[in-house]
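S.K.: Starting from these lines, generate the structure:
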Amino acid sequence: MNSLIGPVLQCLVLIISRLAITSDSLHIPRLSPIRSGMFRSLQSEALSAFDPSEYETFYYNQTLDHFNFRPDSFSTFQQKYVINSKYWGGSNVSAPIFAYLGAEVSLDSVISYTGFLPENANQFQALLIYIEHRYYGESIPFGSRTEAFQNASTLGYFNSAQALADYAEILVHVKTQLNAEHSPVIVIGGSYGGMLASWFRLKYPHIALGALASSAPILYFDDIIPPENGYLSIVTKDFREASETCYQTIKQSWSEIDTIASMPDGLSNLSKIFHTCSPLSTAHHLKYSLQLMYMRAAQFDDPSTNPVNVICCGIDGAASLTNDTLAKIFAGLVAIEGNRSCYLSNAPSRSSTNALPSSANDETSEGWSWQACSEMVMSVFAVGNNTMFQPYSFDVQSYINNCKAQYGVPSRPNWITTYYGGHDIKLTLYRFASNIIFSNGLRDPYSSGG
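M.R.: Take a look at the predicted model:
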């Protein structure tokens with residue numbers, strides 16, 4: 001392991017020398033796991049301008065079920081929202097309201113990262129409101145997370161349509177409280193929150209005048225975008241543009257992992273090669289953990305930190321010391337995670353999620369696992385032959401069966417496009433939608449879906 005540290009440090013020196021110039025512009029993506037390893041120290045520096053005293057926290061007595069009139073539908077829970085009125089011009093001039101729609105993470109985890117809102121609020125004299133998504137953070141029905149996640153009966157109120165209705169209730173409430181009925185509302189979100197923002201504009205045009213949907217893959221459902229043009233193909237493009245040799249090494253590594261795993265003591269040897277925190281029980285755990293590492297690097301490929309380049313620099317740098325493919329892959333892991341006593345402590349399961357979980361046990365993974373099984377079924381995460389990843393086909397019926405075994409209810413893979421649309425999206429938006437900005441960077445793996 002120590003023989004790989006030299007090339008890795010050389011890579012880090014080059015990257016940190018760039019950060020000395022650009023670190024003040026670092027923006028951590030919203031609605032997502034916080035980066036680990038070398039990026040953790042950079043985050044605290046980037047967030048130094050955040051002033052908590054500008055934000056006031058409120059709780060709204062939210063309706064459990066907006067769409068039925070059963071007695072239990074009228075149960076309520078406390079939903080958290082936060083307001084920053086520092087820049088607001090006031091209701092007397094109908095100054096706008098920027099509403100950040102929370103997604104699959106607690107509100108406290110993202111407010112300090114959403115610099116885009118206060119940066120623009122000053123110019124537009126906007127009120128800022130951030131609303132937490134039900135079943136995340138402090139906005140938990142049924143009194144506790146344990147009760148809320150007990151079974152499908154309590155989780156059944158956990159879906160995007162209920163979340164949009166929550167946002168509508170709170171926005172109407174806040175506008176009434178502030179006598180701001182004529183203040184236009186612009187809803188804003190990123191990733192899943194970006195989907196919610198675009199869908200909110202479609203479903204509640206009388207409340208939101210417009211929407212900014214950043215990195216919002218609304219077309220990643222119902223095979224609208226085929227996997228060969230989807231998320232993993234863009235991850236592959238990002239790595240290949242960074243380094244052809246890095247791309248080739250990663251592509252070759254999967255078969256080498258399988259070959260070693262098939263040998264006597266193969267899993268034990270793989271555990272040693274990658275210094276895993278616990279012995280590997282299957283090669284799948286190792287491969288999927290590495291796949292997630294590459295996915296995160298591409299999804300969070302901020303120009304000021306370049307995690308894709310960090311990994312490739314580690315992989316290519318090790319080539320001067322070894323011809324062993326897996327040793328090079330491990331060098332990439334060390335480059336992005338730092339010099340640690342062990343790696344890959346939490347091996348995720350592909351069967352329980354089809355998106356990008358943050359870790360094995362946190363609330364985002366727990367909540368998104370239900371959402372991915374119930375309605376957020378994205379077949380675009382299948383892997384074709386045109387990527388650097390090992391091919392993997394998406395069997396929708398097996399997926400439905402696995403989700404039913406896990407939660408007791410089947411998935412509804414076609415519900416999102418039925419309820420919100422998606423097929424012939426340009427014609428749909430032309431006919432009845434306006435004022436929705438879909439913003440993407442072309443290196444963003446979600447860019448082909450929104």
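
S.K.: how many neighbours does the closest residue to Asn440 other than its chain neighbours have?
M.R.: Distances taken as C-beta to C-beta, 6 or more residues apart in numbering put Ser447 closest to Asn440, at 3.8 Å, once the chain neighbours are dropped. No exception for glycine: its C-beta is placed from N, CA and C like everyone else's. Around Ser447 there are 17 other residues, counting by other C-beta atoms under 10 Å.

S.K.: got any ranges where the stretch 301-450 of the chain has weak pLDDT?
M.R.: 346-361 (pLDDT under 70).

S.K.: switch to 50 and redo it
M.R.: 348-361 (pLDDT under 50).

S.K.: Where do the strands of it begin and end?
M.R.: 436-439 (DSSP state E, counting those that start in this stretch).

S.K.: Quick one: the helices in it, in order.
M.R.: Listed in chain order, the helices of the stretch 301-450 of the chain (DSSP state H, counting those that start in this stretch) span 307-317, 325-337, 363-374, 396-407, 415-420, 425-432.

S.K.: now those in CSV, with distance to Tyr167?
M.R.: Below are the helices of the stretch 301-450 of the chain laid out as CSV (distance: least, C-beta to C-beta, whole Å):
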stretch, distance to Tyr167
helix 307-317, 32
helix 325-337, 36
helix 363-374, 16
helix 396-407, 25
helix 415-420, 15
helix 425-432, 20
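
S.K.: Could you export those as TSV, including distance to Trp254 and mean neighbour count?
M.R.: Shown next, in TSV, are the helices of the stretch 301-450 of the chain (distance: least, C-beta to C-beta, whole Å; neighbours: other C-beta atoms under 10 Å):
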stretch	distance to Trp254	mean neighbour count
helix 307-317	14	25
helix 325-337	10	24
helix 363-374	24	22
helix 396-407	21	15
helix 415-420	31	17
helix 425-432	34	11
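
S.K.: which one of these lies closest to Pro96?
M.R.: helix 425-432 (22.4 Å; C-beta to C-beta).

S.K.: Quick one: distance of the closest one to the chain centre.
M.R.: Relative to the mean C-alpha coordinate of its chain, helix 425-432 is positioned 27 Å out (C-alpha atoms, centre = their mean, to the nearest Å).

S.K.: Identify the residues contacting that helix?
M.R.: 202, 218-219, 224, 421, 436 (C-beta atoms under 8 Å, 6 or more residues apart in numbering).

S.K.: who wins for neighbours among those residues?
M.R.: Ile218 (25 neighbours).

S.K.: Can you name the residues that contact that one?
M.R.: With C-beta under 8 Å, 6+ apart, Ile218 has these contacts: 195, 198-199, 420, 422, 425, 449-450.

S.K.: measure it to Glu337 for me?
M.R.: 33 Å (C-beta to C-beta, to the nearest Å).

S.K.: Phi and psi next, for Ile83.
M.R.: phi -120, psi 140 (degrees, to the nearest 10).

S.K.: mind listing what it touches?
M.R.: Counting by C-beta under 8 Å, 6+ apart, Ile83 touches 55-56, 58, 127-130, 174.

S.K.: Beta-bridge partners for it, please?
M.R.: Per DSSP bridges, the residues bridged to Ile83 are Glu56, Ile129.

S.K.: Tell me the buried residues within the contacts of Ile83.
M.R.: Buried members of the contacts of Ile83, scored by 16 or more other C-beta atoms under 10 Å, are 55, 58, 127-130, 174.

S.K.: all strands of the stretch 101-250 of the chain, in order?
M.R.: 127-131, 185-190, 210-214.

S.K.: before we move on, the earlier item: give the contact list for the residue nearest to Asn440.
M.R.: Ser447 neighbours (C-beta under 8 Å, 6+ apart): 215, 234, 440-441.

S.K.: so which of the residues you listed would you say is closest to Asn151?
M.R.: Ser215 (32.7 Å).

S.K.: For Asn269, find the nearest of the strands of the stretch 101-250 of the chain.
M.R.: strand 185-190 (41.1 Å).

S.K.: in its sheet, what does the closest one sit against?
M.R.: strand 97-101 (parallel), strand 210-214 (parallel).

S.K.: follow-up on the earlier one: pipe the buried ones among the contacts of Ile83 into TSV and attach pLDDT and distance to Cys312 per row.
M.R.: Output for the buried ones among the contacts of Ile83, formatted as TSV (pLDDT from 0 to 100; distance: C-beta to C-beta, whole Å):
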residue	pLDDT	distance to Cys312
Tyr55	96	39
Phe58	98	46
Leu127	98	43
Leu128	98	38
Ile129	98	41
Tyr130	98	36
Val174	98	46
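
S.K.: which one among the residues you listed gets closest to Lys328?
M.R.: Tyr130 (42.7 Å).

S.K.: Count the neighbours of Gly441 for me.
M.R.: 13.

S.K.: Look up how far Gly194 lies from the closest residue to it other than its chain neighbours.
M.R.: For Gly441, ignoring the flanking residues on the chain, the nearest one in space by C-beta to C-beta, 6+ apart is Ser447 at 6.5 Å. The gap separating Ser447 from Gly194 is 11 Å, by C-beta to C-beta.

S.K.: One more: Asn61?
M.R.: For Asn61 relative to Gly194 (C-beta to C-beta), the value is 28 Å.

S.K.: One more: Ala49?
M.R.: 24 Å.

S.K.: now swap in Tyr231 and tell me
M.R.: Tyr231 is 15 Å from Gly194, by C-beta to C-beta.

S.K.: cool, Thr282 as well?
M.R.: Counting by C-beta to C-beta - Thr282 and Gly194 are separated by 35 Å.

S.K.: quick one: which of these two has more around it?
M.R.: Gly194 (30 against 11).

S.K.: Relative to Phe142, which of the helices of the stretch 301-450 of the chain is closest?
M.R.: helix 363-374 (14.0 Å).

S.K.: Spit out the contact partners of the residue lying closest to Gly143 once chain neighbours are set aside.
M.R.: Spatial nearest neighbour of Gly143, chain neighbours left out: Phe77 (7.9 Å); criterion: C-beta to C-beta, 6+ apart. Applying C-beta under 8 Å, 6+ apart to Phe77 gives the contacts 61-62, 64, 134, 139-143.
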